[in-house]
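Structural data only, the sequence is not supplied:
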């Protein structure tokens with residue numbers, strides 16, 4: 001009975017992740033990088049695109065595995081995490097719709113040095129390694145734009161490394177909140193961050209313990225910089241929050 005139950009669960013997972021032949025939009029309509037492909041290359045790319053759907057909390061790729069596809073978020077939110085000392089996780093990147101990921105590992109070879117996990121139900125396009133590399137080799141403009149995108153990601157990570165190692169916890173948390181607002185925008189009120197992140201994830205993103213994240217967020221609320229309602233965080237005084245972030 002137990003084996004039958006396990007088999008049914010595995011079938012459901014496979015069904016959820018099965019490739020869909022119903023496109024959610026052409027690549028070049030979702031991200032302008034693909035617009036530089038010629039007609040033949042566009043048809044080739046779309047013919048190889050696979051659609052995958054993941055539930056909240058599911059892992060999309062694992063640290064230490066060999067990459068087989070480059071990926072692009074179509075809907076939902078994804079976190080890229082790196083496991084450190086004592087299996088402590090550090091969120092090193094947050095993804096929103098139409099962001100690329102997995103492509104650095106594909107181009108660089110080797111294995112993934114991080115893990116991608118769905119923060120909420122999400123849909124991704126994935127393009128096999130061979131097709132992606134072929135496009136890079138035969139379209140100089142596409143290759144340049146991908147390199148430009150990669151350079152931007154690298155610059156962001158370098159700045160984040162400095163922030164996480166040199167800023168105090170108030171500065172780190174302030175920067176994380178501003179980053180969430182920049183990446184995901186706000187609700188209709190123009191102030192509530194459109195990303196309802198758990199305290200654990202907020203702490204991981206800010207390189208602090210969960211208790212420190214909760215305590216510091218409460219301090220911000222007491223100072224009138226933010227207001228907190230469960231996972232909803234509203235920025236009440238952005239200039240003050242930016243000052244805390246800059247002062248570190």
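Here it is on my side, so go on. Keep in mind the model is a prediction, meaning the values are calculated, not measured. Residues are numbered from 1 along each chain as shown.

Just confirm residue 94 is within a strand.
Yes - according to DSSP: H, G, I helix; E, B strand; the rest coil, residue 94 belongs to a strand.

Please tell me I have it right and it contacts residue 77.
Yes - with contact defined as CB atoms under 8 Å, residue 94 counts as touching residue 77 (6.9 Å). To be clear about C-beta, it is placed using only N, CA and C from the backbone, and glycine gets the same treatment.

Common neighbours of the two, please.
Residues touching both residue 94 and residue 77 (CB atoms under 8 Å, 6 or more residues apart in numbering): 119, 184, 195.

how about low-confidence regions in this structure?
Low-confidence segments of the chain, defined by pLDDT under 70: 1-23, 85-86.

please redo it, this time with the cut-off set to 50
Judged by pLDDT under 50, the chain has its weakly predicted residues at 1-22.

could you pull out the strands for it?
Along the chain, counting by DSSP state E, strands occupy 50-54, 59-61, 69-75, 78-83, 89-95, 100-101, 115-118, 122-128, 226-229, 232-235.

Turn those strands into CSV, including distance to residue 44.
What follows is the strands of the chain, written out as CSV (distance: least, CB to CB, whole Å):
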stretch, distance to residue 44
strand 50-54, 14
strand 59-61, 24
strand 69-75, 14
strand 78-83, 26
strand 89-95, 25
strand 100-101, 18
strand 115-118, 25
strand 122-128, 10
strand 226-229, 48
strand 232-235, 44
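
Out of those, which is closest to residue 136?
Among these, strand 69-75 comes nearest to residue 136, with 9.8 Å by CB to CB.

My understanding was that residue 216 contacts residue 169; is that so?
Yes - between residue 216 and residue 169 there is a contact under CB under 8 Å: 5.6 Å.

shared neighbours of the two, anything?
Shared contacts of residue 216 and residue 169, counting by CB under 8 Å, 6+ apart, come down to residue 208.

Between these two, tell me which one has more neighbours.
residue 216 (22 against 18; other CB atoms under 10 Å).

Not counting sequence-adjacent ones, nearest residue to that one?
Nearest residue to residue 216, sequence neighbours excluded (CB to CB, 6 or more residues apart in numbering): residue 173, at 4.9 Å.

again with residue 97
Spatially, and ignoring its direct neighbours in sequence, residue 97 is nearest to residue 73 (5.2 Å; CB to CB, 6+ apart).

Could you report the distance from the one you found to residue 231?
21 Å (CB to CB, to the nearest Å).

still on that earlier bit, next step: the shared contacts of residue 94 and residue 77 restricted to helices.
Within the shared contacts of residue 94 and residue 77, residues falling in helices by DSSP state H are residue 184.

can you list the shared contacts of residue 94 and residue 77 in JSON lines and add neighbour count and distance to residue 248?
Shown next, in JSON lines, are these (neighbours: other CB atoms under 10 Å; distance: CB to CB, whole Å):
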{"residue": "119", "neighbour count": "19", "distance to residue 248": "27"}
{"residue": "184", "neighbour count": "17", "distance to residue 248": "24"}
{"residue": "195", "neighbour count": "23", "distance to residue 248": "23"}
